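K.L.:
Give me coordinates for this.
(chains A and B)
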There are 2 protein chains.
Amino acid sequence: MINVAVMGYGTVGSGVVEVLRTNGELINERAQDVINVKYVLDLRDFPGDPVEEILTHDFETIVNDAEVDIVVETMGGIEPAYTFVKRCLEAGKNVATSNKALVAKHGAELLEIARDRSINFMFEASVGGGGIPIIRALNSSLTADRIDEVTGILNGTTNYMLTKMFFESADYDEVLKEAQEKGYAERNPEADVEGHDACRKIAILTSLIAGQHVDFETIHTEGITKITTEDMKYAKTMDMAIKLLASSKREGGESFSAIVAPMLLSKNHPLCNVNDVFNAIFVRGNMLGDAMFYGSGAGKLPTASAVVADVVDAAKHLHRTVVTRWESNTLELVPNADAKRRFFVRIHGEESVLKSRVDEVFGQVEFVKADDVEGEFAVITGEMTEAEYAQKQKRCRKL
Amino acid sequence: MINVAVMGYGTVGSGVVEVLRTNGELINERAQDVINVKYVLDLRDFPGDPVEEILTHDFETIVNDAEVDIVVETMGGIEPAYTFVKRCLEAGKNVATSNKALVAKHGAELLEIARDRSINFMFEASVGGGGIPIIRALNSSLTADRIDEVTGILNGTTNYMLTKMFFESADYDEVLKEAQEKGYAERNPEADVEGHDACRKIAILTSLIAGQHVDFETIHTEGITKITTEDMKYAKTMDMAIKLLASSKREGGESFSAIVAPMLLSKNHPLCNVNDVFNAIFVRGNMLGDAMFYGSGAGKLPTASAVVADVVDAAKHLHRTVVTRWESNTLELVPNADAKRRFFVRIHGEESVLKSRVDEVFGQVEFVKADDVEGEFAVITGEMTEAEYAQKQKRCRKL
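P.N.:
A predicted model of the protein is given here:
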């Protein structure tokens, strides 16, 4: 029998207990042992709930119980999650977490502690939400490849909002309000709409493909708050979509760039058709070519499913560390100013009047005129660095 | 050092050697050991090729060398692959294969031999081609779920052809000829266009989600040879696509249905936008909900990448069987006659004249009139069994 303690009985934690109850027989068969939830840790009481009998308010009960093999951390936030997880690992207990903030900040250190003790620190649910088993794919499936790019739609809330704005021509405020009413967006939506959530997730993925720690605070991050219905009209005219992408690319050798920003995607890109609250992660390997993983980005049971899959994997490797390449040394990303991209620029005025001056500033561009947007036009530039673009943009403002 | 023998130096086998050479350092890091190709087995000689020095024509050299830990089988076909693989496993050597015919027919038996010896029989490349690590996802990632459906576009050749027919209104013969010229279709295209290739792959996937052996010969299989440009016009009118799907569904408890057939898919189904030679596999779990895996369906390097990922996994579990649920007892599928579906029926004549009689035969249906197809109309029926449909179709023919 393998004893599990679940720390935090909120949405995900109660989902973990539910998944283990519902699919227990199948899960035990796959783990080749009986998975038993011995403790649930929460500050609250849950009178009448079946977990009442195994509920504890005291973390020390868990960390000091030698019978606990695996600890699930579903509390969220940095503290006390970080202290608890670290102490559990130091006590020789495997840990599975859904906490992206914790993993982005302390992943390298916690992995090292686990490695030193031949146990595991697992975090599948921290990135793909659940439907997308990307961490295990990178660690255990795509092991023959050098991964050159990971680009994802990693936030369900903003993807839902952009989908609505695109298909229903609704404006940002309207769509945000609706997402909040439906429970897709929080009352304070900042973490989602400003891209902070996606930023932590791409920091984790970049650390895994680079094998070194990436500081999420060094990733250039733009949210979707400035996207307008006019932008969507341009996208439609060009047969493209606007998606909040979190992307990291190998820029030769062991150097990487990373960014979170709304971007235009052409119809034939596999991420273009990922709509509503779904997430997807595109991966390019030097041997396998292009692959994509698609699934529910969030939700109680999909996320809990991913946590329980980690519990099963930990149960199969109780005293043996599953290979995860993520060393503690910090990788310096290519500065955003040096990253090369193509830019979409909206310009007020008449194309016929300004064309030659725009050509002069940006060089060869594609001109776009949206059906339904008056008094302006737009261009898509050739590839240039962010720094070059910033300069040209200044010159363009003067026109 | 872990010694590998590659049996069969054709497209995939030479790809395996190439992947190991190109990404050797990274692969060794992930395998936590040095992967060394000790032998390449082929009947042919390869003068000037770097493998010349390790080339052998004699299988006995490999099976009798106690230093060989992992054998890669990339010969294809049932014999001598089956005999060789079985003898290698019996000699205690892990085996990784890309051979779907072998796995579909003898997978359960070969897995059992491996299990008895605490070694591994792995076959990631036999289904997803390479870009799609579906076997490892089912065995190791989606372990918290009861899988209720697996539906895939599992054949790149036919997907390429259907994509061309849809977007370019080209007819079947024209597109087949082009696919043959481009090397996407073989001179004898039967295995692809009649659905036999997809049938073996869905048999393997169904065996894995059911945990029991599924005889591929019992899966109802229709190819794409009867699809016409008119069918594509109807699909366009309905904003749907026609895809060759290989699908298996849980029909309550441990009973499953499986089929390979061209089907209409609505635009919001994630498989609908999978085009050209790409493959994708849709998975529905009772906890994770809907997920999809997308990638190159074939090709030398993507397939070799999947084989090498198996080699890495085998290297990490040299004397420890990775859990794979696929017992030897044969699962009886739900007879195709009892499987419930909706049907697309084209009817010659005028809708206005025949409407009431069609309603009488099929019950409530949706009528479809394609823009550009004269002298006929079509209906989409409600859900009914294949047997019910066959009866109604007979009555409809009499109209």
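K.L.:
switch to C-alpha atoms for all contacts and neighbour counts from now on
P.N.:
OK.
K.L.:
could you point out where chain A is predicted with low confidence?
P.N.:
When residues are selected by pLDDT under 70, those of chain A lie in A:130, A:399.
K.L.:
those helices in it, which residues are they?
P.N.:
For chain A, the helices defined by DSSP state H occupy A:11-22, A:24-31, A:59-63, A:81-90, A:100-116, A:134-136, A:156-168, A:172-181, A:190-193, A:196-210, A:229-237, A:300-316, A:351-362, A:386-398.
K.L.:
Any buried residues in the fourth one, and which?
P.N.:
For helix A:81-90, the buried set under the neighbour-count rule, 16 or more other C-alpha atoms under 10 Å in any protein chain shown, comprises A:Ala81, A:Tyr82, A:Phe84, A:Val85, A:Lys86, A:Arg87, A:Cys88, A:Leu89, A:Glu90.
K.L.:
coming back round to it: looking at the helices of chain A, which is buried most?
P.N.:
helix A:300-316 (a mean of 28; mean count of other C-alpha atoms under 10 Å in any protein chain shown).
K.L.:
That helix near chain B anywhere?
P.N.:
Yes: counting by C-alpha under 8 Å from any C-alpha of the partner chain, contacts between helix A:300-316 and chain B involve A:Leu301, A:Pro302, A:Thr303, A:Ser305, A:Ala306, A:Val308, A:Ala309, A:Asp310, A:Val312, A:Asp313.
K.L.:
Tell me the residues of the stretch 201-350 of chain A that contact chain B?
P.N.:
So the stretch 201-350 of chain A meets chain B at A:270, A:273-274, A:287-296, A:301-303, A:305-306, A:308-310, A:312-313, A:323, A:325 (C-alpha under 8 Å from any C-alpha).
K.L.:
Go again with 7 Å.
P.N.:
Residues of the stretch 201-350 of chain A lying close to chain B (C-alpha under 7 Å from any C-alpha of the partner chain) are A:287-296, A:301-302, A:305, A:308-309, A:312, A:323.
K.L.:
rewinding a little: contacting chain B as well, which ones from the buried residues of helix A:81-90?
P.N.:
When contact is defined as C-alpha under 7 Å from any C-alpha, the buried residues of helix A:81-90 do not meet chain B at all.
K.L.:
Pick out the most distant pair among those.
P.N.:
A:Ala81 and A:Glu90 (14.1 Å; C-alpha to C-alpha).
K.L.:
ok, of the residues of helix A:300-316 next to chain B, which one's closest to A:His213?
P.N.:
A:Asp310 (21.6 Å).
K.L.:
For A:Val40, see how far away the closest residue to A:Arg115 other than its chain neighbours is.
P.N.:
Using C-alpha to C-alpha, 6 or more residues apart in numbering or on different chains and skipping the chain neighbours, the partner closest in space to A:Arg115 is A:Thr321 (5.9 Å). Counting by C-alpha to C-alpha, to the nearest Å, the gap from A:Thr321 to A:Val40 is 25 Å.
K.L.:
So for these two, which residue has more residues nearby?
P.N.:
A:Val40 (26 against 18; other C-alpha atoms under 10 Å in any protein chain shown).
K.L.:
From chain B, how far off is that one?
P.N.:
Look at A:Val40 and chain B: by C-alpha to the nearest C-alpha, to the nearest Å, they are 19 Å apart.
K.L.:
And the helices of chain A: which comes nearest B:Asn28?
P.N.:
The closest of these to B:Asn28 is helix A:196-210. By C-alpha to C-alpha, the value is 15.5 Å.
K.L.:
Which strands or helices does that closest one pack on?
P.N.:
Applying 3 or more C-alpha pairs under 7 Å, 6 or more residues apart in numbering or on different chains; DSSP states H and E, we find helix A:196-210 packed against helix A:100-116, strand A:240-250.
K.L.:
quick one, what contacts A:Cys199?
P.N.:
A:Phe216, A:Thr221, A:Ala246, A:Val260 (C-alpha atoms under 7 Å, 6 or more residues apart in numbering or on different chains).
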